[in-house]
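[1] Got a predicted structure here, sequence first:
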Amino acid sequence: MDAQGQVSIELVFLTGFIVIIVMGITSHLGEDVELNQAMAAARSGAIEGANINSFAIYPSGRRDDPFHRYYRETPWLLNPCNVKIIKVDYKNFGFNATHNKIRIQLRITASSPILKNSDKNPLGDRINFYARKSITESFGTSSQTNRFFNPSFSNRYVFTTADVKWI
Amino acid sequence: MDRRGIITTELIFASIIILVIVSSIISVASERIDAASSTDMHGNARMTAEYVAGAINKVYNGGDSHAVTLSLPSNISDKSYNIRVNSSGVFVLIDGKMGKSFINPKRISSSDKLIENAVSMRGNQSYIIKNVKGPDGNSWIVISTI
């Protein structure tokens, strides 16, 4: 009977030691994991935005939606074109008292050799929009933000976007 | 008895590490899968619109009495869709989004009466696209179901 349902004192010590260490590094690890998750979500969103630009399949439904606006004002944007995400970077602006979170500004670099500079603004806005949307959906924080997902939130961070840099 | 119900410390460590890695990968993988699905849908929608526009242009360039038949897929990436053709172009509507493909002809009709109108095309349906010379000598594109 003595041999059953027992653990060695070494295991108890070891487990306690592990728990203490894990608790100590969880908060630091959590920040990094959260930021990594947000950046991965931002990259996925940016790629989705770039794909929508590339295939020129735009949101539609109302008269002021992107498709009908382009149809009236810039019909050449309805043509498929090559838009590529080069880099998704960020800058840490430190603690933001307004939102009580650390503020991160996303900086996305994209490339589209065919488009004129004036046409790149709406496409850049779409890339940023989908990057913020993806972060919001990844962390389930749509109730905290507006319909432009600007800014978007995770548990510890608030994300804004700089204008897309075109190269 | 001492050999039963025992796990090694290495296994505990390995399990914890695997759990941490898997949990962090799952959300990233999920995002990527969603992005890939979205890309697939947009790409297929664009190709379907270009397919219809290409057929219309081919018939128009083929001249009087030239005709082609085309069959539309029942859905695009498991989503229902609509295609509308008018004198401006071919419009594909899917999942609240719309794309346009350009066509050459300016006179589109759904019948041999040659009344200019928008033609709706639906999935899982076959169509015949004909080049018909109108009374005024202009080429019309007539799109009708088979």
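    Looks like it came in fine. Residues are numbered from 1 along each chain as shown, chains lettered A, B, ... in the order given.

[2] Run through the residues of chain B sitting next to chain A.
    Within chain B, the positions near chain A by CB under 8 Å from any CB of the partner chain are B:1-2, B:5, B:9, B:12, B:16, B:24, B:27-28, B:31-32, B:34-35, B:38-39, B:42-43, B:45-46, B:92-94, B:96-100, B:102. Any C-beta I mention is one placed from the backbone N, CA and C, and that applies to glycine too.

[3] of those, buried ones?
    Buried by 16 or more other CB atoms under 10 Å in any protein chain shown: B:24, B:27-28, B:31, B:34-35, B:38-39, B:42-43, B:45-46, B:92-94, B:97-100, out of those.

[4] Give me the subset of the residues you listed lying in helices.
    If you go by DSSP state H, these have B:24, B:27-28, B:31, B:34-35, B:38-39, B:42-43, B:45-46 in helices.

[5] Which residue lies nearest the spatial centre of chain B?
    B:Ala45 (2.3 Å; CA atoms, centre = their mean).

[6] can you pull the contacts of it?
    Contact partners of B:Ala45, counting by CB atoms under 8 Å, 6 or more residues apart in numbering or on different chains, are A:55, A:57, B:76-77, B:81, B:92, B:94, B:97, B:99.

[7] thought A:Leu11 was touching B:Thr9?
    Yes - A:Leu11 lies in contact with B:Thr9 (CB atoms under 8 Å); the separation is 7.2 Å.

[8] and chain A, which residues reach chain B?
    A:3-4, A:11, A:14-15, A:18, A:22, A:33, A:36-37, A:40-41, A:44-45, A:47-48, A:51-52, A:54-61, A:67, A:71, A:78-80, A:134, A:138.

[9] And B:Ser144, which helix or strand is it part of?
    Secondary structure from DSSP states H and E places B:Ser144 in strand B:139-145.

[10] what pairs with that strand, and is each one parallel or antiparallel?
    strand B:108-109 (parallel), strand B:126-133 (antiparallel) (DSSP bridges).

[11] following the biggest helix by length in chain A, which helix or strand comes up?
    Ranked by number of residues, the top helix in chain A under DSSP H is helix A:9-55. Downstream of helix A:9-55, the next assigned helix or strand under DSSP H and E is strand A:57-59.

[12] need the contact list for the residue nearest to B:Val28 when sequence neighbours are not counted.
    Distances taken as CB to CB, 6 or more residues apart in numbering or on different chains place A:Ala40 nearest to B:Val28, at 4.3 Å, with adjacent residues excluded. Neighbour list for A:Ala40: B:27-28, B:31-32 [criterion: CB under 8 Å, 6+ apart].

[13] Can you give me the pLDDT of A:Ala40?
    At A:Ala40, the model reports a pLDDT of 88.

[14] Nearest the geometric middle of chain A, what residue?
    Short answer for chain A (CA atoms, centre = their mean): A:Ala42, at 2.5 Å.

[15] wait, isn't that one in contact with A:Glu137?
    No - using CB under 8 Å, A:Ala42 is not in contact with A:Glu137, being 11.4 Å away.

[16] so how far is B:Val20 from the residue nearest to B:Val28?
    According to CB to CB, to the nearest Å, A:Ala40 and B:Val20 sit 16 Å apart.

[17] A:Leu14 contacts B:Thr9, doesn't it?
    Yes - between A:Leu14 and B:Thr9 there is a contact under CB under 8 Å: 6.2 Å.

[18] what helix or strand is B:Asn124 on?
    Using DSSP H and E, no helix or strand contains B:Asn124.

[19] Could you measure from it over to B:Ser71?
    8 Å.

[20] Not counting its neighbours along the chain, what's nearest B:Ser139?
    B:Asn131 (5.6 Å).

[21] Assess the claim that the one you found and B:Tyr60 are in contact.
    Yes - using CB under 8 Å, B:Asn131 is in contact with B:Tyr60, at 6.1 Å.
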